[in-house]
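[1] Build me a model from this:
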Amino acid sequence: MNETRFSTDDLFITFFNTGRLPSGIRYIANCVLVAVLLLVAGCASEDDAPEQLIPKDEMAQILIEVHLLEAKINKRSTGRDSLQEVFDHYEAMMFDSLGLDTVAYNESIRYYIDHPTQMAEIYAVVVDSLQVRSKNLGMK
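    Predicted structure coming up:
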C-alpha cells in the first residue's frame, strides 16, 4: 500500500497553489465541520422556545391522542393518500375539540425535536400511557 504523507509545508504549498486541500485532508475537515455543526445544533438554548410552547405534560396528552387517531385510521384498508387525507381531517377536528392552535402545535413539535432530552421525557409518558391503555383493553 502506497501512503502519501504531507508535511505542514506541503499542505500550505498545495493549498496556496491550487486553492484546494488534498482529498484525505478535505474529508477530515468536512467531518470536523459536521461534528461542530451537530454539536452546536444539539446545544440549542432554552431561550429559543416559541411564545406558544405547549407544556410537556400537555404535549404528552396531545401526542397520545394523535397516536390513537393514527392507529384507528391505519386500521382502514384504503390507499396511503386517502389515509393521509382522512388523518388530516380528523386531526383538525381533534385539535378543534382540544382548543389547540395548529401553529402552536407545529412550533412546539419543532422545539421538542430540537431538544431531544425533553422529547424523550414526553415520549416516556406517551409510551407508558399507551401501554396501560393496551393492557386495559387486553392487548399485548
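
[2] Can you list the buried residues in the one helix or strand Val132 maps to?
    Assigned by DSSP states H and E, Val132 belongs to helix 116-136. If you call a residue buried by 16 or more other C-beta atoms under 10 Å, then helix 116-136 has these buried ones: Met119, Glu121, Ile122, Tyr123, Val125, Val126, Ser129. C-beta here means a position set from N, CA and C on the backbone, and glycine is covered the same way.

[3] go on, stretch 48-62?
    In stretch 48-62, counting by 16+ other C-beta under 10 Å, buried: Ile54, Met59, Ala60, Gln61, Ile62.

[4] how about the helices of this structure, start to end?
    For the chain, helices defined by DSSP state H occupy the ranges 8-18, 23-42, 56-74, 80-98, 102-114, 116-136.

[5] The third one - contacts with which helices or strands?
    Pointing back at helix 56-74 there. When contacts are defined as 3 or more C-beta pairs under 8 Å, 6 or more residues apart in numbering; DSSP states H and E, helix 56-74 packs onto helix 80-98, helix 102-114, helix 116-136.

[6] Pull the residues that contact that helix.
    Contacts to helix 56-74, defined as C-beta atoms under 8 Å, 6 or more residues apart in numbering, come from residues 54, 83, 86-87, 90-91, 94, 98, 100, 105, 108, 112, 118, 121-123, 125-126, 129-130, 133.
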